[in-house]
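Colleague: Give me the fold of what follows.
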Amino acid sequence: MPKLRWITVVVGVTIIAAAGIVATVAGDDDALGSTDPEAFDLPAIEGEGRVRLDDFAGTPVVVNFFASWCTTCDAELPGFAKVSRELQGEVTFVGVNALETGDPLLMPERHGITWWPLARDIGGRNGSGLHAGLGGRGMPITAFYDAEGDLVHVDRGFLPEPALRARLGDLYDLDVTP
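Modeller: Predicted coordinates:
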């Protein structure tokens, strides 16, 4: 009987390992995203429109990734909403819903940022292609692009309003004092 148990354990471990390898290989292909500006072409959260980085050429762009379940996103978005209103016309703020499991409009509506261009991430696991391409492993994540559309910085994790203001000042040479 011990020999049968040992064989069962070995077969079980082999099956689990094989499944893990297959998932990892498939997952790597699916999770690949791109930071290439031309790859930033996402469907709008609502309607048939698209949100493309190229559409904002000539203006610095801040891309905030969020999800309805993300309590940290919920904590940081009031600061983003405030700063984006102050810098309207100077910096474009874009919201990208990624890793969503619920209502993609919950956060934008709650924080009054429905006037931002709002997109839905695609590709990758659970709609996280661009998020994954930027090195995202959790939420939130914020990507900063210069006026030419080049990625200049990525913040992974909570970005409180004072830190957002400092980052905008450093990257875009803006006076963003409250």
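
Colleague: how about the helices in the chain?
Modeller: With helices called from DSSP state H, the chain shows them at 2-31, 71-86, 106-110, 129-133, 161-172.

Colleague: Pull the contacting residues for the residue sitting nearest the centre point of the chain.
Modeller: Centroid-nearest residue in the chain: Phe65, 3.4 Å away (criterion: CA atoms, centre = their mean). Phe65 is in contact with 96-98, 121, 130-131, 134, 136, 139-143, counting by CB atoms under 8 Å, 6 or more residues apart in numbering. All C-beta atoms are positioned from the backbone trio N, CA, C, and that covers glycine.

Colleague: out of those residues, who's nearest Gly47?
Modeller: When the contacts of Phe65 are ranked by distance to Gly47 (CB to CB), Asn97 comes first, at 13.9 Å.

Colleague: My read is that the closest one contacts Asp121, right?
Modeller: Yes: Asn97 is within contact range of Asp121, at 6.5 Å (criterion: CB atoms under 8 Å).

Colleague: Filter the contacts of Phe65 down to the buried ones and hand me the PyMOL line.
Modeller: Buried residues within the contacts of Phe65, by 16 or more other CB atoms under 10 Å, are selected in PyMOL with:
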select buried, resi 96+97+98+121+130+131+134+136+139+140+141+142+143
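
Colleague: Please tabulate the contacts of Phe65 in CSV and include distance to Asp150 and pLDDT as additional columns.
Modeller: Converted to CSV, the contacts of Phe65 look like this (distance: CB to CB, whole Å; pLDDT from 0 to 100):
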residue, distance to Asp150, pLDDT
Val96, 18, 95
Asn97, 24, 94
Ala98, 21, 92
Asp121, 20, 90
Leu130, 15, 83
His131, 19, 82
Leu134, 13, 83
Gly136, 19, 79
Met139, 24, 91
Pro140, 21, 94
Ile141, 17, 94
Thr142, 16, 96
Ala143, 11, 94
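
Colleague: mind putting the contacts of Phe65 in TSV, distance to Arg167 included?
Modeller: Shown next, in TSV, are the contacts of Phe65 (distance: CB to CB, whole Å):
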residue	distance to Arg167
Val96	18
Asn97	22
Ala98	20
Asp121	22
Leu130	19
His131	19
Leu134	15
Gly136	17
Met139	18
Pro140	14
Ile141	13
Thr142	8
Ala143	11
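
Colleague: just the contacts of Phe65 now: which is nearest Leu168?
Modeller: In terms of CB to CB, no member of the contacts of Phe65 lies closer to Leu168 than Thr142, at 10.6 Å.

Colleague: Now do the contacts for the closest one.
Modeller: Applying CB under 8 Å, 6+ apart, the residues contacting Thr142 are 62-65, 154-155, 159, 164.
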